[in-house]
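**Q** coords please:
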Amino acid sequence: MDQTIIFADTIYGEARGEYCRPSGGLPSLIAVANVIMNRVKDPKRFGNTVEEVCLAKKQFSCWNDSDPNLLLLSLPTRFKEPIWCVALNVAQKVSDGLWPDLTKGSNHYHSTSITAPEWAAGVKPTIQIGAHIFYKI
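**A** Residues are numbered from 1 along each chain as shown. All right, here's what the predicted structure looks like:
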């Protein structure tokens, strides 16, 4: 699969629900893309490419076998969804360095809908955008 498609799929799978929220919107999608690119900048820790970072085991929940989003990422009809096209645009603009890092260098995040994961214990968040809390670890 094309790296840009994987990048867009990850943004779509992780943040598409944020797009229509007043507190989220486009910045929520950009922020997820920022985390992915920040991880690419640390290849020894996270992976050498966008594809390796996005598909690393248990790093982005949309790629987990038990996550319902994984099925959505396999449907060819997603390419016709307006929100997937927005995710593709975000992936392209962020990877080309045309849009800023809204996360202040963050390389982790989690949704406010879950209890903070163990890795977030004692770590000060860098920013909250929509329903995601971002961290630089």
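
**Q** Whichever strand or helix holds Ile5: what's the following helix or strand?
**A** Applying DSSP states H and E as the criterion places Ile5 in helix 3-15. Proceeding C-terminally, helix 3-15 gives way to helix 26-40 as the next helix or strand, assigned by DSSP H and E.

**Q** Convert the C-alpha atoms of the next helix or strand along the chain from that next one to CSV, please.
**A** Downstream of helix 26-40, the next assigned helix or strand under DSSP H and E is helix 43-46. Only the C-alpha atoms of helix 43-46 are listed here, as CSV (Å, rounded to 0.1, in the frame of the first residue of the first chain):
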residue,chain,number,x,y,z
PRO,A,43,13.7,6.6,13.7
LYS,A,44,15.6,4.6,16.3
ARG,A,45,12.6,4.8,18.6
PHE,A,46,9.6,4.7,16.3
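
**Q** Average pLDDT for the helix holding Ile5, rounded please.
**A** Across helix 3-15, pLDDT averages out at 97.
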